[in-house]
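Novice: Just need the structure, nothing else, for what follows:
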Amino acid sequence: MTGTMNEAGARALAESLGKLFGELHENFREQVRGLDPGTLNWSPLPKANSIAVLVTHAIGSELEMIRSVRSIPTSRDRDSEFKAESDAERLLEMIDAAARELDEHIAALTPADLTELRPRGDRPPRPGIEWLVSNYGHAREHLAQIELTKQLYDSRT
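Specialist: Okay, the predicted model is just below:
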């Protein structure tokens, strides 16, 4: 996947990715908005994740990914994401802050950011575009988990 890409191709790709991540952020907001802390922090099973955990983890992963693609040093406490408890206001603030940062990075993506190998944490380097696409898919999977968790919460007897 490594290779060359011209500036126009990089811009077009960045705009598409920005649009997709923007829609994803709005979907996260829609799922969180108006929920009480009991719903957000509820887990359907002992080893399952709450909505608060899923949002916190998806955002943590996204920010680590985009910073790595842009070759910006980053640190992340992934383990703490799976212990997160929050309320809707705090989660919405987190989503909004991540959306702003992602927008800034997407606007600054270069052809090299998309095509050259980028390390991410302790994982083997991959081209930036692969990190972006796989992270988008990862976040969509967590969005589906959030939707299912809400359905399970609403179906409790």
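
Novice: use CA for all of it now, contacts and neighbours both
Specialist: Will do.

Novice: Which positions within stretch 64-79 qualify as buried?
Specialist: Within stretch 64-79, the residues that count as buried by 16 or more other CA atoms under 10 Å are 64, 65, 66, 67, 68, 69, 70.

Novice: just stretch 124-144 next, same as before
Specialist: 125-132, 135-136, 139-140, 142-143.

Novice: who's in contact with it?
Specialist: 1-2, 17, 21, 24, 27-28, 54-55, 58, 61-62, 65-66, 69, 113-119 (CA atoms under 8 Å, 6 or more residues apart in numbering).

Novice: can you dump the C-alpha coordinates of it into CSV?
Specialist: Extracted in CSV, the C-alpha atoms of stretch 124-144 (Å, rounded to 0.1, in the frame of the first residue of the first chain):
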residue,chain,number,x,y,z
PRO,A,124,3.8,-2.8,13.4
PRO,A,125,3.9,0.2,11.1
ARG,A,126,1.2,0.5,8.4
PRO,A,127,0.4,3.1,5.8
GLY,A,128,-1.7,6.0,7.2
ILE,A,129,-4.7,5.2,5.0
GLU,A,130,-4.8,1.7,6.5
TRP,A,131,-4.9,3.1,10.0
LEU,A,132,-7.6,5.5,9.1
VAL,A,133,-9.9,3.0,7.4
SER,A,134,-9.4,0.3,10.1
ASN,A,135,-10.0,2.8,12.9
TYR,A,136,-13.2,4.0,11.2
GLY,A,137,-14.4,0.4,11.0
HIS,A,138,-13.4,-0.2,14.6
ALA,A,139,-15.5,2.8,15.7
ARG,A,140,-18.5,1.7,13.7
GLU,A,141,-18.3,-1.7,15.4
HIS,A,142,-18.5,0.1,18.8
LEU,A,143,-21.4,2.2,17.6
ALA,A,144,-23.3,-1.0,16.8
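
Novice: Not counting its own residues, what contacts stretch 11-28?
Specialist: Contacts for stretch 11-28 (CA under 8 Å, 6+ apart): 55, 95-96, 99, 102-103, 106-107, 109-110, 132, 136, 139-140, 143.

Novice: Need the mean per-residue confidence for stretch 126-139.
Specialist: Throughout stretch 126-139, pLDDT has a mean value of 97.
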